[in-house]
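J.: Mind looking at a prediction? Sequence and model below.
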Amino acid sequence: MSHIAGFLAGLTGSMGLGGGFILIIYLSFFKDISQSAAGGINLLFFLPIAFVSSVIHFKNGLVEKSIIPVICIAGIAGAAAGVFLMSFLDEGLLRKLFACLLVFVGVKEMFHKSDKSVTA
């Protein structure tokens with residue numbers, strides 16, 4: 001089961017779909033790992049996938065170079081803020097917030113209109 005979860009997380013993560021949710025759900029519910037530890041493992045798992053995907057997207061000209069500094073600074077600040085807030089939250093509340101986030105993203109995607117002008 002862990003091989004399947006790792007494969008699916010890597011596959012969806014490398015396609016830019018965010019495979020971390022698969023890994024966090026698997027670790028939290030099937031391996032009984034705390035939500036905060038699962039988030040940390042997810043970050044370690046994410047780094048090599050993000051690097052490889054970034055190199056491929058960069059080589060294919062799919063990266064808008066002018067926004068890289070802004071996104072990096074905002075991402076680092078967001079990650080630091082998340083780790084700081086997580087240290088104050090109860091494990092049960094953290095799981096509920098993560099579940100709400102998954103439901104919100106799922107509902108948003110169900111009603112999201114795709115942009116037909118974008119080509120793959």
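T.: In hand now; what should we look at? Residues are numbered from 1 along each chain as shown.

J.: Check which helices and strands the helix or strand containing Gly6 sits against.
T.: Using DSSP states H and E, Gly6 sits within helix 2-14. Counting contacts by 3 or more CB pairs under 8 Å, 6 or more residues apart in numbering; DSSP states H and E, helix 2-14 is packed against helix 20-25, helix 35-59. (Glycine included, C-beta is placed from N, CA and C.)

J.: If you rank every helix and strand of the chain by mean pLDDT, what lands last?
T.: Across the helices and strands of the chain, mean pLDDT, DSSP states H and E gives its lowest value to helix 2-14, namely a mean of 75.

J.: what angle do it and helix 35-59 make?
T.: In terms of direction (axes from the mean of the first three to the mean of the last three CA atoms, to 10 degrees), helix 2-14 departs from helix 35-59 by 50 degrees.

J.: Buried residues, helix 2-14. List them.
T.: Within helix 2-14, the residues scored as buried using 16 or more other CB atoms under 10 Å are Ala5, Ala9, Gly10, Thr12, Gly13.

J.: do stretch 85-99 as well
T.: Going by 16+ other CB under 10 Å, stretch 85-99 has these buried residues: Leu94, Arg95, Phe98.

J.: Under the pLDDT cut-off, which ranges of the protein? List them.
T.: For the chain, the stretches flagged by pLDDT under 70 are 13-18, 114-120.

J.: now do 50
T.: 120 (pLDDT under 50).

J.: Can you classify Phe88 as helix, strand or coil?
T.: Assigned by DSSP: H, G, I helix; E, B strand; the rest coil, the conformation of Phe88 is coil.
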